[in-house]
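**Student:** sequence unknown, structure follows:
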């Protein structure tokens, strides 16, 4: 298992069709099936871990622990459903149980920040590329409460729908919308004044496209 998953989240649908009998083979102790399982889901899991920890080495550690846990509880996995929502929940819990509130960011998440700037500016042609604004937003994401930070990562980094993000976070869609609203509101005040728009307008940009 190598640290070669990239910084962008892999677009693996939550309900992606698994290779035939993959979970059943893994449940029977087939190590080749487990390796296939790992290769199928490692990138989105690593992307979530990296987005939360900002530390490639810790993200790798979380990745390993997540799949070790998956193997240990493989008998509980439903062969008829994608395990990705469960894997993402485990990843998020592992990250927040290991990482204290951070004061600095070790790893910029450019794609996540760019998506946020688009929404916060409400004008794709006004995306800010300056290092200063990116750093401001990175610090803002880092300062968000864990549940709001998770919402931002799932919705903006992974591109999950509101319903999918809510499923992973084990909350209803209304709660997910609320977390995103307050996260955007907190991030908005960190932008230069000329880049600000009402948070309701910014949130609408993504919500109405899903």
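**Tutor:** Noted; the coordinates are in hand. This structure is a prediction, so every number in the text was calculated from the model and none was measured.

**Student:** Pull the contacting residues for residue 140.
**Tutor:** Shown in contact with residue 140 (Cβ atoms under 8 Å, 6 or more residues apart in numbering): 186-187, 190. Just so you know, the C-beta spots here come from the backbone N, C-alpha and C atoms, and that holds for glycine as well.

**Student:** what's the closest of those residues to residue 63?
**Tutor:** Looking at the contacts of residue 140 and their distance to residue 63, the nearest is residue 187, at 27.1 Å (Cβ to Cβ).

**Student:** Near the closest one, how many other residues are there?
**Tutor:** Using other Cβ atoms under 10 Å, residue 187 is surrounded by 25 other residues.

**Student:** Wait, it touches residue 139, no?
**Tutor:** No: taking contacts as Cβ atoms under 8 Å, residue 187 lies outside contact range of residue 139: 9.8 Å.

**Student:** so where's the chain uncertain?
**Tutor:** Confidence mapping of the chain against pLDDT under 70 gives the ranges 1-17, 100-133, 192-210.

**Student:** In it, what residue spans correspond to helices?
**Tutor:** 22-27, 31-53, 56-72, 84-98, 110-121, 131-143, 146-152, 162-169, 173-188, 199-207 (DSSP state H).

**Student:** The ones you listed: which one's closest to residue 78?
**Tutor:** Set against residue 78 and scored by Cβ to Cβ, those come closest in helix 22-27, at 7.6 Å.

**Student:** Output the contacting helices and strands for that closest one.
**Tutor:** Identification of packing neighbours for helix 22-27 by 3 or more Cβ pairs under 8 Å, 6 or more residues apart in numbering; DSSP states H and E yields helix 31-53.

**Student:** buried ones in the helix it packs on?
**Tutor:** Buried residues in helix 31-53, defined by neighbour count with 16 or more other Cβ atoms under 10 Å: 33-34, 36-38, 40-53.

**Student:** quick check: angle from it to helix 56-72?
**Tutor:** With axes from the mean of the first three to the mean of the last three Cα atoms, to 10 degrees as the basis, helix 31-53 and helix 56-72 are set at 140 degrees to each other.

**Student:** which helices and strands sit right next to helix 31-53?
**Tutor:** Helix 31-53 packs on helix 22-27, helix 56-72, helix 84-98, going by 3+ Cβ pairs under 8 Å, 6+ apart.

**Student:** Can you give me the buried ones in the second one?
**Tutor:** Read that as helix 56-72. 56, 58-60, 62-63, 66-67, 69-70.
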